[in-house]
Each structure stands twice: as C-alpha cells, then as structure tokens.
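Peer 1: Provided below for reference: sequence and predicted model.
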Protein chains: 2
Amino acid sequence: MSEVTSAHPTHVTLAVVLQVRRGELQVLLWQRAREPFRGAWALPGGYLSAGETLEQSIRAHLAAKVDVRELSHLEQLETLSDPDRSPKEWQLATTYLGLVPSDLDPELPGDTDWQPVDDLPRLGFDHGSIVLAGRERLRAKLSYTNLGFALAPAEFTISELRDLYAAALGHDVSATNLQRVLLRRDVLEQTGRRRASGPSGGRPGSLFRFRTSELEITDQFAVLRPPGPARVPVA
Amino acid sequence: MSEVTSAHPTHVTLAVVLQVRRGELQVLLWQRAREPFRGAWALPGGYLSAGETLEQSIRAHLAAKVDVRELSHLEQLETLSDPDRSPKEWQLATTYLGLVPSDLDPELPGDTDWQPVDDLPRLGFDHGSIVLAGRERLRAKLSYTNLGFALAPAEFTISELRDLYAAALGHDVSATNLQRVLLRRDVLEQTGRRRASGPSGGRPGSLFRFRTSELEITDQFAVLRPPGPARVPVA
DNA sequence: TAAGGTTTGCGACTATGGGGCGAAAACCAT
DNA sequence: ATGGTTTTCGCCCCATAGTCGCAAACCTTA
C-alpha cells in the first residue's frame, strides 16, 4: 500500500515518444536525479495542472524535452490506477503514444536521451510496461492504418520506408509487398522525382509521400461485412 | 469554463454496458433526479474512492445497478478531460465498456433501464458520445477477436448467433459466412447437441459454444507479416 | 564505350480467407 | 406422402497478401 493515501489521487500524464533512429526504434527517456528511482530512467511527463486537458498537459510537459511541433502523432493509451504504482503517493497516470519522423533530431536537455526499445535500461515505476504497450499499439496500427506517415520524412523511397517499417515492426518487410499494399490502399503517392543513387551505385529510387497526415483506418478489416454486390471503388 | 475550478480535479468512472435485448443492441442508463441534467438519462458510474483502482471503482458502482457477476466483459475506453465536460466541477472521467450475455435479465433499480442505442433519449453531460465510442469499440472487436462470447449465451445455434451479431453490428450478417469464419478461427466449437426445432418447423440447428471466454485476438490482421514459408497450423 | 556490380521496379504466380449461391438435409404439419 | 421451413454444406468467385525472378536504371572501372 502507498505510504500516503489521501482521499484524492494526484494525476500525471506520461508519454511513450518513439522514433526510428539509426535503423532501430528508440524511445525518449530521462534519467531521474531524485528519489524515488534515483538514477533510473523514466518516461517524460508530469502533473496535470488546473484547467488543462490531459492532452494539453502531456504536450506541455513534452515541450520541456523536445519541440512539440516535431510530434507527428499523439494519441491516448491506457489510464493506470494501481494504488501502489507510485511508492510516494496515490497517483493516476494517463499514458500517451507520441511519434517523431525519422528525419528530425530535436535538441534534448542533458538528462534526456533516446534509448533503443529492444535494449532498455532499468526503468522506474511501471514505465517499462508502458513502453511495451506503446510499442504494441504502434505495431498494430501500422498494419491497418496509414500511421506510417508519422514515422517517415516528407519524401522517401520504398527502400527507405521498408527500413522504417522493419525497425518499427521488429521484423523484415518485403519492399515489393509494402509498396503494393500501401499503393493499393491509396495511402502512398508518387512525387515524380527520383533520388540520386547512393554511394554504392544502383538504380535511383522513385520518391513517394504519404497522401495525407491525417490518421485513416483501412475499412478492409471489418470481417463480417454488410451484404451487397461489391464495395464500390473510389469513383 | 467550470464554475468551480479547484487545483485538483475529481475523478469518476462511467460504463457503457451493452446487451442485445429483443434483437437490438441496448445500453444501460439511469434517469437523473437531481441537477445538473435533471430528468436526462446518464451512464452508470460515480466517484473514485480512496485506495481503489479504476476497474474496482466501476465494478462497485455497477454493482448498485446490476449484479456484477453478470458482466461477461469489461475493458477500459478513453479518459475524458475537457474542463467543461461537467458544469459543476473540474471532473475527469475514465470510461469503460461492459457487456452482458443476451440470455440474462438482471434486476434493475426503478430509475434504471435499458435503452436501444439506435434510439437514445436525451443524455446528460458528454454521455452520448461515450455511448457511441463504446458501440464502435464493440463493432471493431467483434471483427478481429472472439468477443462474441460476451454477448452470447453458453450455447446457441448459428442462426441465433447471427441475429446477435446483426444486432451488435447494425447490419445483416450471413449465417454461412459467420459459421465458416468463426469455425476456421477456432473460436467456436460444436457441442454435439441439437436444439428442438422452432414453432414454424424447420431443421433443428446444431448447438455451438465459444471455445473460450478469454479475449483472444486473431493474428491474421498483421498485414506486413514476418517472412517465412507459412504460418504453421496448430499442431 | 563496354563490362560488371548494385539497387530498384514490376509482372507472374501462389496461398489464404471472405462472400455468395444453391442444392441437399432435417424437421414439422397437414 | 407432400409441401413448407430452416439449417447445413459444398462449390465457385474474388480480393488481397506473400514470393520469386528478371528487367531496368544507375555507377564505377577498365
């Protein structure tokens, strides 16, 4: 049980901010200088202030670490309420998933750094499981939404996008298949330009972009569909 | 802005409890006797008490309306934080989705009743949109999980199950397709028994049951799968 | 300019799973 | 037995994903 159990819980917001850096999925963490969990790493976030919404709160706390304008996506995850999740007080935590495009490299305070999600340091509180939940949410949504836009730069070749997906999903991805799936779903479109070929030569790749930066869900996963002759293709 | 904005918000839990009754999807509501929103209908729920988790809180509040043991499923939805969502105070609300099998008919207090989700009365606060969110979550999960177990009685024919799905999804469902999909995914199994044929005659249907009442997710919706020869069938 | 190496693009083929349809099976009532 | 009703099941079609391999496009070096 908590050392202090008042009648009202405190409320914090926490964010799992993910980015693909150097070919691997990394999460934004900061190292605690004070107890509890002194020396351990923790998710960015902090207390909810009066008059704020939860989203405003997490954006404000993140602004102290990274420039908030660099966040390409932010969505709410679970709200945690185990009375023992903080050793010092009765504290609720509403968690968020944030994404940053891979071509950005925001300035960070000295106590803050990116850590690979597959090789995490010791995390304080229940933050380890929160990172797992964020990673899982990202993995799932990459499959049935256009969320890739939030990980990718404005323009990219299919090979570059394949590497992004491979890092985020944690397994190899076929470039052929990725291109076909995303083009058929109309989430990618061609820019017409090509990229200068790399240092090792080879054919230069066409540049693509995501058609929109609004989250869209593929309707294809409604398994028991309404009856009808056929779903009309876009007119 | 709220009339009263203290430094600490209050926190309530609310539940969208759904059941298929008389062939349509209905939600559990109670009619408010006091301001604000006197006379309007509202979702069951109430304040979070000291030492509780959010799930314990909503279960306790629901116990005052329906016997909690009748809930076949309970999962967290969003946590709402608009400072103006309650006219009387700064109040956060963590919402839940609850499901009740269609063969149960719990005792209800006098102020409480089931209402069809397609023809709702006037709802107080933001409860209208919460009901929508719950309905949408149910619809989605019926497609890619075995969540149907939470709507169905212990045994049923395919036709009966089709009617349940049709009511929950809001559109017709093919019995042939439903059976094939759920059997292939191994979520349904046959009991061996048959149901006596109905009043209008006809061939008696075989009785089925859900293989498990634990929530399981069909892995089939990972679109960009890991490479490999084939996913091995269950050995 | 030709040859060889590297990377991208793309079509062909296969596998899987959902949707539609109709015939056969199983039951009741007359 | 005959007809009406409901369930069951096989068959075919189509959409989409996964795999493979070759051609195209580019660079470097000879």
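Peer 2: Yes, it's here. Residues are numbered from 1 along each chain as shown, chains lettered A, B, ... in the order given.

Peer 1: buried ones in the biggest helix by length in chain A?
Peer 2: When chain A is parsed with DSSP state H, its longest helix is helix A:127-144. Neighbour counts over helix A:127-144 (16 or more other CB atoms under 10 Å in any protein chain shown) mark A:127, A:130-131, A:133-135, A:137-139, A:141-144 as buried. For every residue, glycine as well, the C-beta is placed using N, CA and C.

Peer 1: state the mean pLDDT of it.
Peer 2: For helix A:127-144, mean pLDDT is 97.

Peer 1: how about it, does it reach chain B?
Peer 2: Yes: using CB under 8 Å from any CB of the partner chain, we find that helix A:127-144 touches chain B at A:139, A:142, A:143, A:144.

Peer 1: now check the helix or strand of chain A with the lowest mean pLDDT, is it near DNA strand D?
Peer 2: Here the helix or strand of chain A ranked lowest by mean pLDDT, DSSP states H and E is strand A:188-194, holding a mean of 89. Yes: shown here: strand A:188-194 in contact with DNA strand D (CB under 7 Å from any atom of the strand) through residue A:194.

Peer 1: what's stretch A:15-26 in contact with?
Peer 2: Contacts to stretch A:15-26, defined as CB atoms under 8 Å, 6 or more residues apart in numbering or on different chains, come from residues A:27-28, A:43-45, A:58, A:61-62, A:66, A:71, A:74, A:77, A:95-102, A:104, A:114-118, A:130-131, A:133-135, A:138, A:151, A:163-164, A:167-168, A:170.

Peer 1: quick one: mean pLDDT over it.
Peer 2: Here the average pLDDT along stretch A:15-26 is 98.

Peer 1: how long is it end to end?
Peer 2: Using CA to CA, to the nearest Å, one end of stretch A:15-26 lies 13 Å from the other.

Peer 1: hmm, back to that, so which of the contacts of stretch A:15-26 are in helices?
Peer 2: Checking those against DSSP H, those in helices are A:58, A:61-62, A:130-131, A:133-135, A:138, A:163-164, A:167-168.

Peer 1: returning to that earlier point: how about the least confident helix or strand of chain A, does it get close to chain B?
Peer 2: No: under the criterion of CB under 8 Å from any CB, chain B is not reached by strand A:188-194; the shortest gap measures 13.5 Å.

Peer 1: export that strand as PDB, just CAs?
Peer 2: Below are the C-alpha coordinates for strand A:188-194, written out as PDB (Å, rounded to 0.1, in the frame of the first residue of the first chain):
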ATOM      1  CA  LEU A 188       1.100   6.400 -50.700                       C
ATOM      2  CA  GLU A 189       1.500   8.500 -53.900                       C
ATOM      3  CA  GLN A 190       4.400   9.200 -56.200                       C
ATOM      4  CA  THR A 191       6.100  12.600 -56.300                       C
ATOM      5  CA  GLY A 192       7.500  12.100 -59.700                       C
ATOM      6  CA  ARG A 193      11.000  12.900 -58.600                       C
ATOM      7  CA  ARG A 194      13.800  10.400 -58.100                       C
END
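
Peer 1: next helix or strand past it?
Peer 2: Where DSSP states H and E defines the elements, the next helix or strand beyond strand A:188-194 is strand A:206-210.

Peer 1: from the contact counts, what lies against that following strand?
Peer 2: Here strand A:206-210 touches helix A:158-169, strand A:188-194, going by 3 or more CB pairs under 8 Å, 6 or more residues apart in numbering or on different chains; DSSP states H and E.

Peer 1: mind checking these for the one nearest to residue A:203?
Peer 2: With distances scored as CB to CB, the stretch of the helices and strands packed on strand A:206-210 nearest to residue A:203 is strand A:188-194 (9.1 Å).

Peer 1: which residues of chain A lie near DNA strand D?
Peer 2: For chain A, the contact set with DNA strand D under CB under 7 Å from any atom of the strand comprises A:174, A:176-177, A:180-181, A:184-185, A:194, A:196-197, A:201-204, A:220, A:230.
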